[in-house]
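Trainee: Task: produce atomic coordinates for the following.
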Amino acid sequence: MLRRILLLVLLLVACTSLYADVTMRMALDFKVNLTLPGALPQLPFNEVLTRIHGDRSYAVMGPFIAITDLSTGKITLLDPKTQHYATIAMANYISKIAGANGQAMPNLPDAAKQILEKMKFDTESRDTGRTSRIQGIDAYEREVVIHVSIPLPIPGQENGLALNLKFDIWKPTPSELERVPALRELVAYNERNKGFGDVASMMRQIFGSIPGMGDHVGKMVEEMTKGGNVTLGMDMGLYVPGLRKMLEQAGKADALPALPPDDQPLVNVKLELKELSTDKIPDSVFAIPVGFQEAPMEDLMKGMTSALAGAKPEEAQPGAKPREAQPAAKPEAAKPAKLTLTVEPSGKDLQITWEKDSAIIANANHGVLSINDGNRDQKYEMDAKQLKVGSIVYTPVGSEVSFKLEVTGKDGSKTAATPTRWSNSPASLAPEDKPAAK
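Mentor: Numbering: from 1, shown residues only. Take a look at the predicted model:
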């Protein structure tokens, strides 16, 4: 459940953290520091990307994309794999997360509920005095430690089970908040966003249904956001002091043969800023890709949680039956090792497509679509997931537009697609290198 909540909360925070044209890219590292038979749980992504243009945000986190519009108060989830999307009011989205967390609560035995309700929380925070320079920005470290005591009847542990959550949070210095344009935009948006989707309110609603949690979440968030909501990096550790001793007392020390020492985290999550810029972001980034079909929000959220757990959506459904063995698939034909841009009118818009199944796209980690529209030159940068969608929609301004796509592979190689141009003349599509008719 912890990993499920983590994805939903990170996605929500990523969608409501920025304002104006800002791009923020954070590297994410999730580790479980113990040895168990079989594979340890891992998050299916290692990066959090957020792009903001005006009131709209675009967030990529693992297998899903979220587009938020503050002017309408709505969020849209997209699944590039199934090409489905769903749109819902932000308040309803938060309620669904809270409801998903609370669904299991009524089924808990009364004794378990009483234990949770008697949990004790103690939160402390301080500025450590440590400083660093992150992506050219002067930063200072703030430490927040949350001590949780759960009154479980454990032999040799008179206070029950103790959990410690330690957050080392890197924040920009006050002078940098004034100097760096992207940081100024972040601060301005956070002020504007109060009362709509501020982190403290969201966390209270999401965790309020869990016994023993609701009254303490606000205090935790307040300590974590002292000095402002803008974060350049974070190192979170979950510590369970005395866990080995507890297992020894219970005669189960062999159940977890490689526990870390008490002064090292059992679970560790790191966020590190890799990019922060105010480069212009085209409107096309926030459009629902052509060919995507609307689906119920519940289906999208089930897909999210299933992907996070490493299961396929149909395998995650209650009562799902094992799939029957399928005949061996015939070898696939080789995918085309080329790229060709195609432009087709769609009302007042243009749909630009490329071979999303090409081996070039399968090996890509970055792409740039260059657009020349009269006297306007624009560059639309895409990551690997966006390239695999295979299309974007562009609204032309002038009567002639040319398109060029360059893709960078994981090995650093570059491939240029055949350039294409469009005009509103009868011969509306033509590759740029096509000889003029005589």
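Trainee: Stretch 67-80: which residues count as buried?
Mentor: 67, 68, 69, 70, 74, 75, 76, 77, 78, 79, 80 (16 or more other C-beta atoms under 10 Å). Backbone N, C-alpha and C define where each C-beta goes, glycine included.
Trainee: who does the helix or strand where residue 122 lies pair up with?
Mentor: Take DSSP states H and E as the rule and residue 122 turns out to sit in strand 120-134. Looking at strand 120-134 with DSSP bridges, its partner strands are strand 137-150 (antiparallel).
Trainee: could you dump the strand it pairs with to CSV, C-alpha only?
Mentor: Taking C-alpha atoms only, strand 137-150 is exported to CSV below (Å, rounded to 0.1, in the frame of the first residue of the first chain):
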residue,chain,number,x,y,z
ILE,A,137,21.7,27.1,-7.1
ASP,A,138,22.9,27.7,-3.5
ALA,A,139,20.9,25.5,-1.2
TYR,A,140,20.8,24.6,2.5
GLU,A,141,19.7,21.4,4.3
ARG,A,142,16.7,21.1,6.6
GLU,A,143,16.2,17.9,8.6
VAL,A,144,12.8,16.6,9.6
VAL,A,145,12.4,13.5,11.8
ILE,A,146,9.1,11.9,12.5
HIS,A,147,9.0,9.4,15.4
VAL,A,148,6.1,6.9,15.4
SER,A,149,5.4,4.6,18.3
ILE,A,150,2.9,1.8,17.7
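Trainee: that older thread, pull the most distant pair out of the buried residues of stretch 67-80.
Mentor: Greatest spatial distance among those (C-beta to C-beta): 70 and 80, at 23.6 Å.
Trainee: Can you tell me who the nearest residue to residue 24 once chain neighbours are set aside pairs with across the strands?
Mentor: Closest residue to residue 24 apart from its sequence neighbours, by C-beta to C-beta, 6 or more residues apart in numbering: residue 50 at 4.8 Å. Taking DSSP bridges as the rule, residue 50 bridges to residue 24, residue 59.
Trainee: what's the following helix or strand after the helix or strand where residue 165 lies?
Mentor: Element membership for residue 165, per DSSP H and E: strand 161-172. Going down the chain from strand 161-172, the next helix or strand is helix 174-179, by DSSP H and E.
Trainee: That following helix - what's its average pLDDT?
Mentor: Here helix 174-179 scores 92 as its mean pLDDT.
Trainee: buried sites along that helix?
Mentor: Buried-residue list, helix 174-179, by 16+ other C-beta under 10 Å: 176, 177.
Trainee: Which elements pack onto that helix?
Mentor: strand 137-150, helix 181-192 (3 or more C-beta pairs under 8 Å, 6 or more residues apart in numbering; DSSP states H and E).
Trainee: same question for the first one, mean pLDDT?
Mentor: When pLDDT is averaged over strand 137-150, the result is 91.
Trainee: got the angle for that strand vs strand 161-172?
Mentor: Angle between the axes of strand 137-150 and strand 161-172 is 170 degrees (criterion: axes from the mean of the first three to the mean of the last three C-alpha atoms, to 10 degrees).
Trainee: How much space separates residue 298 from residue 84?
Mentor: The gap separating residue 298 from residue 84 is 12 Å, by C-beta to C-beta, to the nearest Å.
Trainee: for residue 93, same thing?
Mentor: 16 Å.
Trainee: which of those two has more neighbours?
Mentor: residue 93 (27 against 17; other C-beta atoms under 10 Å).
Trainee: Now that the more buried one has come up, it's in contact with residue 68, right?
Mentor: No - using C-beta atoms under 8 Å, residue 93 makes no contact with residue 68, being 9.3 Å away.
Trainee: intersection of neighbour lists for those two?
Mentor: residue 75 (C-beta atoms under 8 Å, 6 or more residues apart in numbering).
Trainee: Phi, psi for the nearest residue to residue 343 once chain neighbours are set aside please.
Mentor: By the measure of C-beta to C-beta, 6+ apart, the closest residue to residue 343 outside its immediate chain neighbours is residue 422, 4.7 Å from it. Residue 422 has phi and psi values of phi -130, psi 150 when expressed as degrees, to the nearest 10.
Trainee: what about residue 222, is that helix, strand or coil?
Mentor: helix (DSSP: H, G, I helix; E, B strand; the rest coil).
Trainee: can you count the residues close to it?
Mentor: 14.
Trainee: before we move on, what about the one 10 residues further on?
Mentor: Close neighbours of residue 232, defined as other C-beta under 10 Å, add up to 24.
Trainee: for residue 29, same thing?
Mentor: 12.
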